[in-house]
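K.L.:
3D model of this:
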Amino acid sequence: MGNGDIRVRGIAARAGGWSARHRWAAVGIWVLFVVLAMGLGSAAGRVDVKDSDQLKGETHTAARIIEDAGIDEPAGETVLIQAKDGGVKATDADFRAAVESVVKAVEGTGEVTDVTSPYESDTISKDGRSALVQFDIRGDAETAGERVEPVLKAVEDVQKDHAALRIEEIGSASMMKTFDDAFGDDFKKAEFSAVPVALGILLIAFGALVAALLPVLLAITAIMATMGLMGIVSHVMPMSETANSVMLLVGLAVGVDYCLFYLRREREEREAGRDAQTALRIAAATSGRAIIVSGVTVCVAMAGMLFTGLAEFEAMGLASLMVVAVAMVGSVTVLPALLSLLGGRVEKGRIPFLRRRQRKGGGSDSRFWTAVLKGVLAKPLASVVVAAGVLLAIAAPAVGMKTQNLTLDQEFGDSLPIVQTYNRVNDAFPGGSEPAEVVVKADDINAPQVQAALTDFREQAISSGASRGPVDIKLHDAQNVAFVYVPLVGGSDLDKAGASLDKLRDEVRPATLGKVDGIEAPITGQVAGSKDFNDQLAGAVVPVFVFVVVFAFLLMLLCFRSLTIAITSIVLNLLSVGAAYGILVAVFQHGWGASLVGAEGVGAIITWLPLFLFVILFGLSMDYHVFVVSRIREARLRGRTTKDAITHGVVTTAGVVTSAAVIMVAVFAIFGTLSMQSMKQMGVGLAAAVLIDATIIRGVLLPAVMALLGERNWYLPKWLNRMPDLTHDEAPEAVTRETPSRDDEGEPVRV
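P.N.:
Okay, the predicted model is just below:
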């Protein structure tokens, strides 16, 4: 079969053609870009989100007051001393001796300050069986976990001498150390294991080491470049460690996917008899275009997070957007250059027992999907009813979704001893482990009216029922700031603790501190932060949803010039997201099959996850959708009937979509094995959604819906004909002996 000239138009085709002709220049520019991005990012350093910028509302105001005053709050620690049975009371000599031993032991380490005995602070439980010794760790609170070890050892030594008592330490420093020891390597293991998992799956998919390495190497270089860019951009919009982890996850997923799409199309064309140059040009104009459409759609979806107003979400959204954009650019520039350089050597490193079956005509037909599609297209209406019914049934539990910031015992279960200590402190002193913190700023904190208001606040906080005490006041005279610590009734029950917080904010504060002119008294703390976060997130849901859906719809409309395709794309993606929500609620809230993933007793979905999943899934699901629909439209433009085009498009992309989905599911499932329930929920939700998307949606629902619609798939109202035409990238197949066909606008398509 001869090869002749083909017409190539559009960004993807031109970029691929230029890179193939100037391959060393393309590779050099990419390497230079990665090195420069990393170098400049390293030189600039990364600015992370400040506590004062994390949230809006009272939590933000409190953090700003503390920051402006230059007060570095130390890491507070507490030692619980509790009788193991009802025989010993805090007034007994043995109990007093244990308290004195704890005070002496922690002071002896030289690592603590402001040690307070329960007999001085009145931190003794109502039943007299429990008491709290409180103190602060010297130095920076953020690194206190690195210095708390001697204090923990001292408390353990005291415990050995008092067998009748339970003596346990808890606080921000000890929790920081415990979590770092238990889970500090968890994320690193997940991130590092994701690469070999992806490489192993690619080896099976391609059967050759070089072909498998290309997508992984390109994804890694895209991630490296983005890490450098994050450092530069962070001086305008601060970043965070969470944003870094999400960027790695998304970057690996889309980077590998994009290269996989491109590489499989190039191999398919060569197996069909094209020469290497023509095969590469076809891949550039077809898969390259699909990558650009998909990449832009994913970027738009990620940009939705910028509308939340939450600094952490904004950082995650921008980092994800950047890595997708970098991976997209790399896939349509440096990848064709590398393929042109390697030529047939891309097949080097063949795995003997994974030798791929050569298919006649270069197709990548799948017997399984061919059989499935045959049944789907034979009865499309029944297929739509069954598949949509299954997805709606899976999504049904999402109607009763309960979201909240997970408490310590929900997040980690009883796997850590410190969680049990946390529960015992809350049982004996409700809210004592995570009190509300009132940050009072006045012109003169020692003025009589201010001191009287502080006293009234302390008394009414208890008399109102919001707290059972003790309410502690800590003055910073030089800065004219006071901290008031209020243990909330409800403790670790966030619903009850939230009601206590509302009582403090809406009743107690206006009646006391609110009556003094010139006083600022925002209330912060764990419960307040959770409430402010939830309120702000709830206000962001509609703007983010509308932005993502509307822009995704417009992109589909512009890129396929079909109102029908745009509408069905949105509906199918929403079904996929809904099914993922349903699985999350069923497993983590209702506990159905929770033991299979180690999620017993969680009972809620972490607050930030639904919106995060919506944005991520809506973007990532477009990968498969754009790739499959592009192939269907391409076949339709070459003169096939709509039904034949559907069969061709779905079956020929089945292999690459399956491989890409398996990689994504495997990578996301790694996060589902982590110990933290929030990360487990994220991993399970992402993996389940991708699996549903690549099977039920793309393999059954999409072809069935398109078969039912027939020629209506390509419907575009006349008044929309003036839209920009972004479909011209769909380059025809390389020179064949087929008769030229015409596209939707009547323009000849050369073949």
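
K.L.:
do you know how far Gly346 is from Leu165?
P.N.:
Small correction: residue 346 is Val, not Gly. Taking C-beta to C-beta, to the nearest Å as the measure, Val346 and Leu165 are separated by 69 Å. (C-beta placed from N, C-alpha, C; glycine too.)

K.L.:
so these two - more neighbours on which side?
P.N.:
Remark: of Val346 and Leu165, Leu165 carries more neighbours, 24 against 21, as counted by other C-beta atoms under 10 Å.

K.L.:
looking at it, the more buried one is touching Asp85, isn't it?
P.N.:
No. The pair Leu165 and Asp85 fails to qualify as a contact (C-beta atoms under 8 Å) at a distance of 10.0 Å.

K.L.:
quick one: list the elements packing against the strand or helix carrying Ser630.
P.N.:
Assessed by DSSP states H and E, Ser630 sits inside helix 609-637. When contacts are defined as 3 or more C-beta pairs under 8 Å, 6 or more residues apart in numbering; DSSP states H and E, helix 609-637 sits against helix 241-271, helix 287-303, helix 311-342, helix 526-560, helix 563-584, helix 642-671, helix 677-692, helix 702-709.

K.L.:
swap in 7 Å and give it another go.
P.N.:
Helices and strands touching helix 609-637, as assessed by 3 or more C-beta pairs under 7 Å, 6 or more residues apart in numbering; DSSP states H and E, comprise helix 241-271, helix 287-303, helix 526-560, helix 563-584, helix 642-671, helix 677-692.

K.L.:
what's the pLDDT at the nearest residue to His162 once chain neighbours are set aside?
P.N.:
Nearest residue to His162, sequence neighbours excluded (C-beta to C-beta, 6 or more residues apart in numbering): Ala98, at 4.7 Å. On the pLDDT scale, Ala98 is placed at 91.

K.L.:
also Gly649?
P.N.:
pLDDT, Gly649: 87.

K.L.:
check the one 10 residues further on too.
P.N.:
For Ser659, the model assigns a pLDDT of 81.

K.L.:
who's in contact with it?
P.N.:
The neighbourhood of Ser659, defined by C-beta atoms under 7 Å, 6 or more residues apart in numbering, consists of Ile201, Ala205, Leu260.

K.L.:
what's the answer for Val481, then?
P.N.:
Contacts were defined as C-beta under 7 Å, 6+ apart; by that measure Val481 touches Ile65, Ala69, Ile71, Val439, Val440, Lys441, Ile445.

K.L.:
which of these are buried, as a ChimeraX select command?
P.N.:
What follows is the ChimeraX syntax selecting those of those that are buried according to 16 or more other C-beta atoms under 10 Å:
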select :65,439,440,441,445
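
K.L.:
hmm, back to that, highest average neighbour count across the helices and strands packed on helix 609-637?
P.N.:
Between the helices and strands packed on helix 609-637, the one whose residues have the most neighbours on average, counting mean count of other C-beta atoms under 10 Å, is helix 287-303 (a mean of 26).

K.L.:
helices or strands up against that one?
P.N.:
Right, helix 287-303 is packed against helix 11-21, helix 241-271, helix 311-342, helix 526-560, helix 609-637 by 3+ C-beta pairs under 7 Å, 6+ apart.

K.L.:
chain center to the first one, what's the gap?
P.N.:
The reference is to helix 11-21. Taking C-alpha atoms, centre = their mean, to the nearest Å, one finds helix 11-21 lying 33 Å from the centre of the chain it belongs to.

K.L.:
now it: buried residues?
P.N.:
Ala12, Ala13, Arg14, Ala15, Gly16, Gly17, Trp18, Ser19, Ala20.

K.L.:
now these in JSON lines, with pLDDT and distance to Phe192?
P.N.:
As requested, these are exported to JSON lines (pLDDT from 0 to 100; distance: C-beta to C-beta, whole Å):
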{"residue": "Ala12", "pLDDT": "80", "distance to Phe192": "33"}
{"residue": "Ala13", "pLDDT": "81", "distance to Phe192": "37"}
{"residue": "Arg14", "pLDDT": "85", "distance to Phe192": "38"}
{"residue": "Ala15", "pLDDT": "86", "distance to Phe192": "32"}
{"residue": "Gly16", "pLDDT": "85", "distance to Phe192": "32"}
{"residue": "Gly17", "pLDDT": "84", "distance to Phe192": "37"}
{"residue": "Trp18", "pLDDT": "89", "distance to Phe192": "36"}
{"residue": "Ser19", "pLDDT": "88", "distance to Phe192": "31"}
{"residue": "Ala20", "pLDDT": "87", "distance to Phe192": "34"}
